[in-house]
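Visitor: next input, structure requested:
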Amino acid sequence: MPTVGYFFLSVVVLILGYVVYGKIAEKLFIPNPNRVTPASALTDGVDYVPLPTWKIFMIQLLNIAGVGPVFGPIMGALYGPSALLWIVFGSILAGGVHDYFSGMISLRYNGTSVPEVVGQTLGKYLKYFMRFFSLLLLVLVGVVFVSAPASMLANLTPAWANVTFWLVLIFLYYFFATILPIDVIIAKFYPIFAAVLLIMAVSISCGLIFKGYNFYNWAIQEGRSVLANVHPDGLPMWPLMFITIACGALSGFHATQSPMMARCLVNEKNGRLIFYGAMIAEGIIALVWATAGMTFYESPQALKQALAAGGSPAAVVNEVSLALLGKFGGILAILGVVILPITSGDTAFRAARLIVSDMVGLTQNKVKNRLFIAIPLFLIGVYLCTVDFSVIWRYFSWSNQTLATVMLWAGAAYVVRRGSAHWFLTLPATFMTATVSAYICVAPEGFALKHNISVTIGLVFAALCLIIFLTRLSDFRQKIKLELDFAPLAKSPTE
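Guide: Okay, the predicted model is just below:
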């Protein structure tokens, strides 16, 4: 089957996953459409602001879809069509589940941030760890998502508008988007940006077909099996590919973004569309760019050379967009990709502000309180922009998947307390525990151990975590604090 055929089959499976597996997630959580949500009970005009469901979905999609579902899948395409499998089944079995439960559990705990959610389910020590770890991730995300669009915009503009110019401009935008009420910038403009994003994805897909980029699978060209690892450097597929495609299948960054939308949701029944559905939409975007990498370039070696020549996947985005859509259409597509990181970078810093405010108990209804937290965060972000982008990306990818792993364990503990089947979350949590543990052992930025030793350590540590979890089931049932229930409404809330 041609690679484009794999793409369409993958899209169909993703949609079916939303319909079927998303419904299972909903049944395990048991949303209550008559329950008053934090958006209505705690309205403050800054972060707790009731919004229409369609607008929340569009904002959530923009928030979570940074450069991860573009850059990660392009680099993951080096491994061949197996990348498509991870995007599809990772999105359905892990990413969608992770996003739904992180958003809905936050909703039940007053829209609180991910460290506090983890603390309610897994205990105070992991809460303290997650406070540090999630803040680190969010600052890394902010830096990654300011560097990437600045580089792309510098390639599209005159020489005087260099990377430094765009870095300053984007940081200024991030700052205002972080401290202003959510309905001033984000709620007004993100739905428009989301439309550009979707148009971009559809345009690239159509361009691949109409331009005739329908090459057969790289592995088949080399006389190997369809799902063979064709990475030109012979890098092991597991765990490296599962970390490289950081946001296209599973992302802990999403757990930091979902509480922002949990503070705006007015009806629990719409949680599946907003949280699970946005992850599936991001998975489709990831499929577009992974397929583009595998069809636009005639071999994994050619893709590798394009990545090396441009210094980052941004160069591949530029080349593919201009070739498929012409100058005008290509620039529009590139701008769509630029929007992705910008509309996640600002919310990364915003989420970091909320985490700190939850941690220190500082209300955010006053501007001076928001500035007190935001200014130090941005100073750290500016400093990190001086670090090599590739190094930042590698640490971002691992920390991103590690945070997702912890959140999956937290979700498993939560459903145990509610009397639901925990294996729905425990299995992906165990798999990702093995993945992130093996990766940090084998990666150059980690311990640089041999692959077989790293795999063994990852599997043993994951099995140990599962055993510990199973032995603590009774503790979870007794000690996890139940969510705060507001008084139920007399009728379902209006949209």
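
Visitor: going by C-alpha atoms from here, please, whenever you check contacts or count neighbours.
Guide: OK.

Visitor: where does pLDDT dip in the stretch 351-495 of the chain?
Guide: Residue ranges of the stretch 351-495 of the chain with pLDDT under 70: 386-394, 479-495.

Visitor: for the stretch 151-300 of the chain, that is, sorry about that
Guide: Checking the stretch 151-300 of the chain against pLDDT under 70 turns up 214-224, 226.

Visitor: which stretches in it count as helices?
Guide: Applying DSSP state H, counting those that start in this stretch to the stretch 151-300 of the chain gives helices spanning 163-179, 186-210, 218-221, 237-244, 253-262, 271, 277-296, 300-310.

Visitor: so which residues make contact with the fourth one?
Guide: The reference is to helix 237-244. 72-73, 75-76, 79, 83, 86, 229, 394, 397-398, 401, 435-436, 438-439 (CA atoms under 8 Å, 6 or more residues apart in numbering).

Visitor: most packed of the helices of the stretch 151-300 of the chain?
Guide: helix 253-262 (a mean of 30; mean count of other CA atoms under 10 Å).

Visitor: from residue 225, how far out is residue 25?
Guide: 34 Å (CA to CA, to the nearest Å).

Visitor: equivalent analysis for residue 327, please.
Guide: Distance from residue 327 to residue 225, by CA to CA: 38 Å.

Visitor: these two touch, right, residue 208 and residue 293?
Guide: No - look at residue 208 against residue 293 with CA atoms under 8 Å: they stay out of range, at 10.4 Å.

Visitor: thinking again about what came up before, who has more neighbours out of residue 25 and residue 225?
Guide: residue 25 (21 against 13; other CA atoms under 10 Å).

Visitor: what average pLDDT does the host helix or strand of the more buried one get?
Guide: Per DSSP states H and E, residue 25 falls inside helix 3-29. Averaging pLDDT along helix 3-29 yields 90.

Visitor: tell me the helix or strand right after that helix.
Guide: helix 38-41.

Visitor: what residues does that next one touch?
Guide: Taking CA under 8 Å, 6+ apart as the rule, helix 38-41 contacts 48, 49, 50, 107, 110, 111, 262, 263, 264, 265, 266, 486.

Visitor: between helix 253-262 and the next helix or strand after it, find me the angle.
Guide: As assigned by DSSP H and E, the chain's next helix or strand after helix 38-41 is helix 53-64. Orientation check (axes from the mean of the first three to the mean of the last three CA atoms, to 10 degrees): helix 53-64 against helix 253-262 gives 150 degrees.

Visitor: what's the angle between helix 53-64 and helix 277-296?
Guide: Using the same axes, to 10 degrees, helix 53-64 lies at 50 degrees relative to helix 277-296.

Visitor: now for the next helix or strand after helix 53-64, which elements pack on it?
Guide: Tracing the chain C-terminally past helix 53-64 and defining elements by DSSP H and E, one meets helix 68-76 next. Under the contact criterion of 3 or more CA pairs under 8 Å, 6 or more residues apart in numbering; DSSP states H and E, helix 68-76 touches helix 237-244, helix 277-296, helix 313-360.

Visitor: how about 6 Å then?
Guide: helix 277-296 (3 or more CA pairs under 6 Å, 6 or more residues apart in numbering; DSSP states H and E).

Visitor: starting at the chain centroid, how far to the helix it packs on?
Guide: A distance of 13 Å separates the centroid of the chain from that of helix 277-296, by CA atoms, centre = their mean, to the nearest Å.

Visitor: relative orientation of it and helix 3-29 in degrees?
Guide: Put simply, helix 277-296 runs at 160 degrees to helix 3-29, going by the same axes, to 10 degrees.

Visitor: if we can go back for a sec, and residue 29, which of the helices of the stretch 151-300 of the chain is closest to it?
Guide: Nearest to residue 29, of all the helices of the stretch 151-300 of the chain, is helix 271, at 10.3 Å by CA to CA.

Visitor: quick one on the thing from earlier: among the contacts of helix 38-41, which two are most distant?
Guide: It's 49 and 486 that sit farthest apart of those, by CA to CA, at 16.8 Å.

Visitor: which residue of these two possesses the greater neighbour count?
Guide: Neighbour totals were compared for residue 49 and residue 486, and residue 49 leads with 23 against 13 (other CA under 10 Å).

Visitor: next up, the contacts around the nearest residue to the more buried one once chain neighbours are set aside.
Guide: Among residues not flanking residue 49 along the chain, residue 264 sits closest, at 5.0 Å (CA to CA, 6 or more residues apart in numbering). With contact taken as CA atoms under 6 Å, 6 or more residues apart in numbering, residue 264 is in contact with 39, 48, 49, 50, 51.

Visitor: apply 10 Å and report the result again.
Guide: 37-40, 43, 47-53, 55-56, 107, 111, 182-183 (CA atoms under 10 Å, 6 or more residues apart in numbering).

Visitor: now do residue 105
Guide: With contact taken as CA under 10 Å, 6+ apart, residue 105 is in contact with 29, 111-112, 114, 117-118, 120-121, 258-259, 262, 410-411, 414-415, 483.

Visitor: joint contacts of residue 208 and residue 293?
Guide: Joint contacts of residue 208 and residue 293 (CA under 10 Å, 6+ apart) are residue 320.

Visitor: count of residues packed around residue 373?
Guide: 19.

Visitor: for it, give its distance to residue 415.
Guide: In terms of CA to CA, residue 373 sits 33 Å off from residue 415.

Visitor: sorry, back to before: of the contacts of helix 237-244, which is the most crowded?
Guide: Going by other CA under 10 Å, residue 73 tops these with 33 neighbours.

Visitor: got the contact list for that one?
Guide: Applying CA under 10 Å, 6+ apart, we find residue 73 in contact with 67, 79, 83-84, 87, 241, 244-249, 283, 285-293, 313.

Visitor: returning to what we had before: among the contacts of residue 264, which ones are buried?
Guide: The neighbour-count test (16 or more other CA atoms under 10 Å) marks 37-40, 47-51, 53, 55-56, 107, 111, 182-183 as buried among the contacts of residue 264.

Visitor: which of those residues sit farthest apart?
Guide: Greatest spacing in those, by CA to CA: 107 and 183 (18.9 Å).

Visitor: now, which of the contacts of residue 105 sits nearest residue 155?
Guide: Nearest to residue 155 among those, with distances taken as CA to CA, is residue 258, at 32.7 Å.

Visitor: what's the neighbour count on the closest residue in space to that closest one that isn't next to it in sequence?
Guide: Closest residue to residue 258 in three dimensions, ignoring its sequence neighbours and counting by CA to CA, 6+ apart: residue 103, at 4.8 Å. Using other CA under 10 Å, residue 103 has 30 neighbouring residues.
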